[in-house]
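Asker: Okay, here's the prediction I keep looking at, along with the sequence it came from:
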Amino acid sequence: MVATDLNLDWFTDPPAGVELWRHDVVRDRLPADEFDLAHARLVLTHLPEREEAIWRLIASLRPGGWLVV
């Protein structure tokens, strides 16, 4: 499992199996066809480039993957 954010300071003790990435969903590359699920909790509210972020998240999903917004 991967959790991403620009600021990881709040995430001080991740559960076992969680990989943390300092990541900008608008500018930083995501691996293609990598994830079964992408969950964008509240992040799109803060982004003027919402559509770009959504397309990047979709591209990161495996066939049949889910985007939860």
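Answerer: Yep, that arrived. Given the structure is predicted, the values throughout are model-derived calculations rather than measurements.
Asker: So in this structure, which strand runs the longest?
Answerer: Longest strand of the chain, by residue count under DSSP state E: strand 61-68.
Asker: mind listing what's buried in it?
Answerer: For strand 61-68, the neighbour count (16 or more other CB atoms under 10 Å) marks Leu61 as buried. Glycine gets a C-beta too; all of them are placed from N, C-alpha and C.
Asker: can you list the residues that contact it?
Answerer: 33-40, 54, 57-58 (CB atoms under 8 Å, 6 or more residues apart in numbering).
Asker: ditto for stretch 34-42
Answerer: Stretch 34-42 has contacts (CB under 8 Å, 6+ apart) with 2, 25, 53-54, 57-58, 60-62, 64-69.
Asker: Can you tell me which of those comes closest to Pro15?
Answerer: Closest approach between these and Pro15, by CB to CB: Val2, at 12.4 Å.
Asker: Next, count neighbours for the closest one.
Answerer: By other CB atoms under 10 Å, the residues close to Val2 number 14.
Asker: what do you get for the one 10 residues further on?
Answerer: Thr12 has 6 neighbouring residues, counting by other CB under 10 Å.
Asker: mind checking which helix or strand of this structure has the lowest mean pLDDT?
Answerer: Within the chain, confidence by mean pLDDT, DSSP states H and E is lowest for strand 2-5 among all helices and strands, at a mean of 88.
Asker: Show me what that one is packed up against.
Answerer: strand 19-22 (3 or more CB pairs under 8 Å, 6 or more residues apart in numbering; DSSP states H and E).
Asker: and the strand it packs on, how far from the chain's centre?
Answerer: Computed by CA atoms, centre = their mean, to the nearest Å, the chain-centroid distance of strand 19-22 equals 10 Å.
Asker: Can you name every helix or strand that it contacts?
Answerer: Looks like strand 19-22 contacts strand 2-5 (3+ CB pairs under 8 Å, 6+ apart).
Asker: For the strand it packs on, which strands pair with it and how are they oriented?
Answerer: strand 19-22 (parallel) (DSSP bridges).
Asker: averaged over its residues, what pLDDT does the partner strand have?
Answerer: For strand 19-22, the mean per-residue pLDDT is 92.
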